[in-house]
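In: Pasted the sequence and its predicted model underneath.
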Amino acid sequence: MPWKECSVMDERLRFVARLLEGEPMTDVCREFGIARKTGYKLFQRYKDDGPVALADRSRRPVRYANQLPAQVESLIVSAKREKPHWGARKIRELLLRRLAGDIRIPAVSTIHATLDRHGLVARMGKRRHKAQGTPLSSGAIPNDLWCTDFKGEFKLGDGHYCYPLTVTDHASRFILLCEAFESNREEPVIRAFERLFAERGLPAAIRSDNGVPFASPNGLFNLSKLAVWWLRLGIAIERIKPGHPQQNGRHERMHLTLKQETARPPGMNALQQQERFDAFIQEFNVERPHEALAMKSPAAVYVASTRIYTGLPDVEYPLHDRDHLVTACGRICMHRKKINLSTVLAGQRVGLKEVDHAIWLVSFMSYDLGYIDLEQRTLQPLDNPFGTRLLPMS
């Protein structure tokens, strides 16, 4: 019988059952195609700890709770249910005793995060937003939802590239911004949005794709500094599914018209190209009737937001034990130990709540980010609150 014809767990159980029935170790090992040394090790493991010890014991280093082997995660959950009053530290000690020498035991923070995902960890008295992201909005009225993107770059007459940053209001189709940039760097985009917020107020949510500067492939939860700034302002983040631009369909259709009317041929330089963008915005917003708006123009429907931009509000953590300012290199310092969070949170204040001995829950505003294990000096992230989600077609 081939060793991997069935699941590893099932095969090991069959192997042990044959030995318990009195069959010789040599014969059973030959039939299962394994060495006698391996057979004796499996059988001894069974005699020491019972059937649970036959779970797959991967030697792959364990780091994230959602990447644990299923059998190890099952053992953690089972141990907690057997000992409901035990915390992650005691559960880990139990695993060390049962599995010593056969697997790299997960860190305490990983075990705590696993228990949390299975609803086996008591939270703070007041239920807060677990890191699950914001509900997707329909953008039914002006400023419920803004959409933003960088229209594909193109070369100007002088040989330089133009990167048009665009922002529209989802409900009214009103073009809020179309600005020519020489790149998609983050800082100029933040300044452009700051000017826009000062002029139009704040939206409830902003929808974008997963590219820079709206998201960062190296940031915690793929957040960028721009996205963190939006969150600080109370703006929800929506991201479309990669490779599905139709999920931002209204904005993409505007891009098609923009390209046809302003970039064929392109301007000779950035200033000339911006003049074309400005003329297009005036015509699109004020003069052009829109069928989806009962032949009204976007300007006849759009009104500025009542949420006035006054800069960043203060962040307070009344339910936490303490708060820390994230350093420029993305760290916080606790008990003379430096723990890396993410550089996208640099300059932001996070809240910390001790949930077990030397295990701290880290939160940013209303989002629980993960657990810090002071012994390991690591952050164990929770589920991504800003991951991609399937959006209805516009």
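Out: In hand now; what should we look at?

In: so what pLDDT did Asn218 get?
Out: Looking at Asn218, its pLDDT reads 83.

In: my bad, Met295
Out: On pLDDT, Met295 comes in at 92.

In: now it: how far from Asp314?
Out: Distance, Met295 to Asp314, by C-beta to C-beta, to the nearest Å: 46 Å. C-beta: built from backbone N, CA, C; applies to glycine.

In: Just the buried positions in stretch 261-279, please.
Out: For stretch 261-279, a neighbour-count test (16 or more other C-beta atoms under 10 Å) marks 262-263, 266-267, 270, 273-274, 276-277 as buried.

In: and these as TSV, adding pLDDT?
Out: Shown next, in TSV, are those (pLDDT from 0 to 100):
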residue	pLDDT
Thr262	92
Ala263	89
Pro266	91
Gly267	90
Ala270	89
Gln273	92
Gln274	93
Arg276	93
Phe277	94
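
In: Which members of the residues you listed occur in helices, if any?
Out: 262, 270, 273-274, 276-277 (DSSP state H).

In: so who does Ala203 touch?
Out: To be clear, residue 203 is Pro; Ala isn't right here. 143-146, 169, 235, 305, 307 (C-beta atoms under 8 Å, 6 or more residues apart in numbering).

In: Repeat the analysis, applying 6 Å as the threshold.
Out: If you count contacts by C-beta atoms under 6 Å, 6 or more residues apart in numbering, Pro203 has them with 143, 146.

In: quick one: it from Phe197, how far?
Out: Distance of Pro203 to Phe197, given as C-beta to C-beta: 9 Å.

In: picking up where we left off before, relative to Asp49, which of the buried residues of stretch 261-279 is nearest.
Out: Nearest to Asp49, judged by C-beta to C-beta, of those is Ala263 at 68.7 Å.

In: Kindly provide the distance from the closest residue to that closest one other than its chain neighbours to Thr262.
Out: Excluding its sequence neighbours, the residue lying closest to Ala263 (C-beta to C-beta, 6 or more residues apart in numbering) is Phe154, at 5.5 Å. Computed as C-beta to C-beta, the Phe154 to Thr262 distance reads 10 Å.

In: Is Ile237 located within a strand, as I assumed?
Out: Yes - remark: Ile237 belongs to a strand, assigned using DSSP: H, G, I helix; E, B strand; the rest coil.

In: So what sits opposite it in the bridge?
Out: Ile206 (DSSP bridges).

In: Check Cys178 too.
Out: Beta-bridge partners of Cys178, as defined by DSSP bridges: Thr166.

In: That one touches Asp278, doesn't it?
Out: No - using C-beta atoms under 6 Å, Cys178 makes no contact with Asp278, being 7.9 Å away.

In: Now do the SS call for Val362.
Out: Quick answer, by three-state DSSP: Val362 is strand.

In: Show the model's pLDDT score for Ala35.
Out: For Ala35, the model assigns a pLDDT of 81.

In: Ser183 now?
Out: Per-residue confidence (pLDDT) for Ser183: 92.

In: Check which helix or strand it maps to.
Out: In this assignment (DSSP states H and E), Ser183 forms part of neither any helix nor any strand.

In: Quick check: closest non-adjacent residue to it.
Out: Leaving aside its chain neighbours, Ser183 sits nearest to Tyr163 (5.9 Å; criterion: C-beta to C-beta, 6+ apart).

In: could you measure the one you found against Glu179, distance?
Out: From Tyr163 to Glu179 the distance is 9 Å (C-beta to C-beta).

In: ditto for Leu20
Out: 75 Å.

In: higher neighbour count, the two?
Out: Using other C-beta atoms under 10 Å as the criterion, Leu20 and Glu179 rank with Glu179 on top: 17 against 11.

In: which residues touch Gln166?
Out: Residue 166: Thr, not Gln. With contacts defined as C-beta under 6 Å, 6+ apart, the neighbours of Thr166 are 149, 151, 178.

In: List the residues that contact the second one.
Out: The one in question is Lys151. Neighbours of Lys151 in contact, by C-beta under 6 Å, 6+ apart: 164, 166, 255.

In: which element is the last one on?
Out: If you go by DSSP H and E, His255 is part of helix 249-262.

In: contact partners of that helix?
Out: Contacts of helix 249-262 (C-beta under 6 Å, 6+ apart): 147, 149, 151, 168, 245, 276-277, 280, 393-394.

In: Neighbour count: Met295 and Asp314, which is higher?
Out: In this view Met295 and Asp314 are compared by other C-beta under 10 Å, and Met295 has more residues nearby, 10 against 6.
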